[in-house]
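Peer 1: Fold the stuff below for me.
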Amino acid sequence: MLSFEYSEVVGHQNRARRRWTQLTGVRLPFPASEVYAAPRDTLGRLARDLGFNRAGTGDEPFDQDWVTYGPVTPAMQEWLRRHGRLFRVVAGMAETWDGGRFNTQRVEPAVADLAELVPLLNGVHGR
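Peer 2: Residues are numbered from 1 along each chain as shown. This next block holds a predicted model:
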């Protein structure tokens, strides 16, 4: 398990500002496909309505609310609906993140949520 904060500067000159993010991840004990899932924001909904869309899951109500990449099974969709937590699987890690400075009180809930997700990732292969 790991949890850390990172920051980036967005904008330029007088409009530049620093944005902080806290990432929490767990190493997977098995190989897994790369997966990404995040709630669809207003711009993402508009793009989808205009026909710009990634693969999607085939579950239209779910795809209206979530942007996904990789194999997102019905069990993962249910996990996403319950937790509302964006996540990705990359380089053998399942990761989730929240905006803001590092807060130790966010680590345990993030790890608990990932612990529920990990068994759902086992044996899932790319589409």
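Peer 1: which residues touch Thr96?
Peer 2: Contact criterion CB atoms under 8 Å, 6 or more residues apart in numbering gives 23-25, 85-88, 110, 113-114 as the residues in contact with Thr96. Quick note: C-beta positions are derived from backbone N, CA and C, even for glycine.
Peer 1: Now do the helix ranked longest in the chain: which elements does it pack against?
Peer 2: Longest helix in the chain, counting residues (DSSP state H): helix 107-121. Using 3 or more CB pairs under 8 Å, 6 or more residues apart in numbering; DSSP states H and E as the contact criterion, the elements in contact with helix 107-121 are strand 2-10, strand 17-27, helix 74-83, strand 87-90, strand 93-99.
Peer 1: want to throw the ones you listed into TSV with mean pLDDT?
Peer 2: TSV is the format used below for the helices and strands packed on helix 107-121 (pLDDT from 0 to 100):
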stretch	mean pLDDT
strand 2-10	93
strand 17-27	95
helix 74-83	94
strand 87-90	94
strand 93-99	94
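Peer 1: Between these, which one is closest to Val35.
Peer 2: Each of the helices and strands packed on helix 107-121 has some distance to Val35 by CB to CB; the shortest is strand 87-90, at 4.4 Å.
Peer 1: Would you mind listing the buried residues in that closest one?
Peer 2: The neighbour-count check on strand 87-90 (16 or more other CB atoms under 10 Å) flags 87-89 as buried.
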